[in-house]
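# Below is the structure, and that's it, no one-letter string:
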């Protein structure tokens, strides 16, 4: 039996996480391609990314409460396979309507697969450490993505982006078919009735706080490349920033694993939104390249580091796996609003408006995280063996 503790099972979860979280890596290129190659305005380009993310949210919201009863390998294989077909079909389209429908289908499919992936990670022996490992894999994936896809776009055009997405989803489907793991232990008898048991109040606040961070992440990340173009920064320099960002993203997940017992999860989560908002202010308000480059290079790392601690804490507070099977919903609810909200603000007011919006959303996120229990209250609740 392949479990999350086995090398094959761990590899499958790493690949599945990278495919399902492709937006966390590709969003600047995604929105930039829709604007530069397909000539959509910021609102339309952000709207298409939002449609994908809304599909992922809906799929996760529907499947997460049923996590314990799902055929998880089948859902992962079918989800990634269908997403691959949808993205390949999108590569042959140019109209907004057709693209919107295919983005929705891809989001529903990929979100279903990602939901069972995160639920399986949550039921592992050490969710914090395993989530850190798949987060590190996402950093490696980001380097490969930025090293290969932008040059291909420059020579082969916008459709190449969606073909690349199709390849990523197809690989994830094959790997899931061969090695998607079982959870490390069967649910306890009491867990069978878990869907009828409400989540602890703190879990909902944690979900809301992470959703707010996801909103700021997507709202900013979607226009990371476009704001640089608007400021007149050279395209090769901006491309170098994206590569640097992907290299930096290798660090936060392993660092979060090393610091699991040295830093309090609640303290990390209280600091995360503040640092995130400061990063947005520098990125969106700076007229010099150096501050922009520095802030952009570490921007995604803040979210990855904080989310690893949030995942581990929520897994202890709600050990059935249902809450974290909804990880795509909690992350992508905010992320789904982000591109369309960011595009609307940019279109109406300008890039500087994103800094103010980020500050307001960060304040809400901090208020949510303040409701989480102290470590002494949370740590005794361990995952089932």
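Yes, it's here. Predicted model, so just to flag it, every value in this text is computed and none were measured. Residues are numbered from 1 along each chain as shown.
# ok, which stretches of the protein are strands?
Using DSSP state E, no strands are found in the chain.
# For it, name the helix or strand with the lowest mean pLDDT.
The helix or strand of the chain with the poorest confidence is helix 375-378; it has a mean of 50 (mean pLDDT, DSSP states H and E).
# Name the nearest residue to residue 38, ignoring sequence neighbours.
residue 158 (5.6 Å; CB to CB, 6 or more residues apart in numbering). All C-beta spots, glycine's among them, are computed from the backbone N, C-alpha and C.
# Count the neighbours of that neighbour for me.
17 (other CB atoms under 10 Å).
# same question, the one 3 residues further on
Using other CB under 10 Å, the number of residues around residue 161 comes to 25.
# ok, now how distant is it from residue 103?
Between residue 161 and residue 103 the distance is 12 Å, computed by CB to CB, to the nearest Å.
# repeat for residue 361
If you go by CB to CB, the gap between residue 361 and residue 103 works out to 24 Å.
# Which residue is the nearest non-sequential neighbour of residue 214?
For residue 214, the spatially nearest residue (CB to CB, 6+ apart) is residue 334, at 3.3 Å.
# cool, residue 41 as well?
Using CB to CB, 6+ apart, the nearest residue to residue 41 is residue 347, at 6.5 Å.
# contacting residues for that neighbour?
By CB atoms under 8 Å, 6 or more residues apart in numbering, the contact set of residue 347 is 41-43.
# now with 10 Å?
When contacts are counted by CB atoms under 10 Å, 6 or more residues apart in numbering, residue 347 touches 41-44, 46.
# and which of the residues you listed is nearest to residue 265?
residue 46 (31.7 Å; CB to CB).
# And for the closest one, the neighbour number?
Neighbours around residue 46, by other CB under 10 Å: 32.
# With residue 100 instead?
18.
# That one against residue 45, yeah?
No: with contact defined as CB atoms under 10 Å, residue 100 does not count as touching residue 45 (11.6 Å).
# Tally up the residues packed near the nearest residue to residue 79 once chain neighbours are set aside, please.
Closest residue to residue 79 apart from its sequence neighbours, by CB to CB, 6+ apart: residue 113 at 3.0 Å. When neighbours are counted by other CB under 10 Å, residue 113 registers 30.
# Contacts only, for the closest residue to residue 115 other than its chain neighbours.
Closest residue to residue 115 apart from its sequence neighbours, by CB to CB, 6+ apart: residue 60 at 4.3 Å. By CB under 10 Å, 6+ apart, the contact set of residue 60 is 20, 108, 111-112, 114-116, 118-119, 325-333.
# So which of the residues you listed sit within helices?
Within the contacts of residue 60, residues falling in helices by DSSP state H are 20, 108, 111-112, 114-116, 118-119, 325, 327-333.
# Quick one: low-confidence residue ranges for the stretch 51-200 of the chain.
184-199 (pLDDT under 70).
# Okay, helices next: where are they in it?
Applying DSSP state H, counting those that start in this stretch to the stretch 51-200 of the chain gives helices spanning 72-90, 96-122, 127-156, 159-179.
# Point out the most buried one among these.
helix 96-122 (a mean of 25; mean count of other CB atoms under 10 Å).
# got the angle for that one vs helix 72-90?
Relative orientation of helix 96-122 and helix 72-90, computed by axes from the mean of the first three to the mean of the last three CA atoms, to 10 degrees: 160 degrees.
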